[in-house]
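A.B. asks: have a look at this prediction, sequence included:
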Amino acid sequence: MASNQNKTTLLNSSMKMADFVLENYELLTVLPRFGVQLGFGEKSVKEVCAAKGIDSEFFTMICNIHAFEEYLPTDVDIQSIAIDDLISYLSNSHNYYINKRILAIEQRMEQLGECCSENHYSIVRRFFNDYKTEVLNHFEYEDSVVFPYIKAVEAGVAKSDYHIEQYEHNHSNIDDKLSDLKNIIIKYLPATCSNDTQNELLREIFVFEHELMHHTCIENKVLIPIVQLLESRAL
């Protein structure tokens with residue numbers, strides 16, 4: 001796969017899948033979105049992907065985006081992506097965030113409620129509930145409007161009154177507001193709240209924030225350029 005980063009540092013499909021994960025444990029959260037489970041044995045990334053019907057080049061591209069902050073696929077890489085693969089991954093990511101990451105934060109939030117005053121807990125909980133509503137609306141918009149539009153563009157049947165430019169201009173960075181929540185917990189919760197509980201809650205928020213950063217990167221740097229290319233071809 002072509003890259004604008006030193007190729008020797010990148011994960012590649014010829015590596016053993018076990019070594020692939022050992023190189024960057026954060027990929028453990030990416031594998032389930034491809035339906036890949038542990039127990040690889042000595043199989044290579046390409047072999048594991050082939051058994052699951054996954055494009056190994058697309059798989060390694062996504063993993064490299066998650067593993068290396070400075071990595072971005074080239075235009076050639078992007079143009080080789082199958083739209084269905086990308087949309088499936090992004091949709092699976094939405095489900096993962098809702099059913100795993102947000103749920104984990106809520107569970108830690110409940111533990112916080114057991115050791116903080118009702119007043120302090122209600123402030124944190126209300127802030128997070130508002131944020132959660134915004135995140136769910138964001139995901140719903142993408143799943144019900146943006147992704148169907150992209151598939152329609154690829155099929156040559158898209159409505160002319162919508163363009164990916166509208167999505168790009170209104171694409172909110174849903175990860176930004178997590179900084180406010182972190183600040184509330186770090187700066188303003190009293191010492192009477194369990195420090196261990198606060199730390200565990202913060203850890204879950206930091207993990208979610210980090211993953212959303214990569215998710216936003218994939219949408220901005222991969223999804224939108226692909227759709228813009230498809231739209232240009234449809235003119």
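C.D. replies: Ah, there it is.
A.B. asks: what kind of secondary structure is C116 in?
C.D. replies: coil (DSSP: H, G, I helix; E, B strand; the rest coil).
A.B. asks: return the helix or strand in this structure with minimum mean pLDDT.
C.D. replies: When the helices and strands of the chain are scored by mean pLDDT, DSSP states H and E, helix 164-169 comes last with a mean of 83.
A.B. asks: for that helix, packing partners?
C.D. replies: Packing partners of helix 164-169 (3 or more C-beta pairs under 8 Å, 6 or more residues apart in numbering; DSSP states H and E): helix 224-234. Where C-beta positions appear, they are placed from N, C-alpha and C, glycine not excepted.
A.B. asks: buried set for stretch 108-127?
C.D. replies: R108, M109, Q111, L112, G113, C115, C116, H120, Y121, V124, R125 (16 or more other C-beta atoms under 10 Å).
A.B. asks: OK, contacts around T29?
C.D. replies: Applying C-beta atoms under 8 Å, 6 or more residues apart in numbering, we find T29 in contact with Y96, K100, E211.
A.B. asks: now the first one: which helix or strand?
C.D. replies: Read that as Y96. If you go by DSSP states H and E, Y96 is part of helix 83-96.
A.B. asks: beyond that helix, next helix or strand please.
C.D. replies: Using DSSP H and E, the helix or strand that directly follows helix 83-96 along the chain is helix 103-113.
A.B. asks: CA atoms only for that next one - export them in PDB, please.
C.D. replies: Output in PDB follows, covering the C-alpha atoms of helix 103-113 (Å, rounded to 0.1, in the frame of the first residue of the first chain):
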ATOM      1  CA  LEU A 103     -22.200   2.200  27.900                       C
ATOM      2  CA  ALA A 104     -18.800   1.900  29.700                       C
ATOM      3  CA  ILE A 105     -18.900   5.700  30.500                       C
ATOM      4  CA  GLU A 106     -22.500   5.400  31.800                       C
ATOM      5  CA  GLN A 107     -21.500   2.500  34.000                       C
ATOM      6  CA  ARG A 108     -18.600   4.500  35.500                       C
ATOM      7  CA  MET A 109     -21.000   7.500  35.800                       C
ATOM      8  CA  GLU A 110     -23.400   5.400  37.900                       C
ATOM      9  CA  GLN A 111     -20.500   4.500  40.200                       C
ATOM     10  CA  LEU A 112     -19.700   8.100  40.600                       C
ATOM     11  CA  GLY A 113     -23.300   8.800  41.600                       C
END
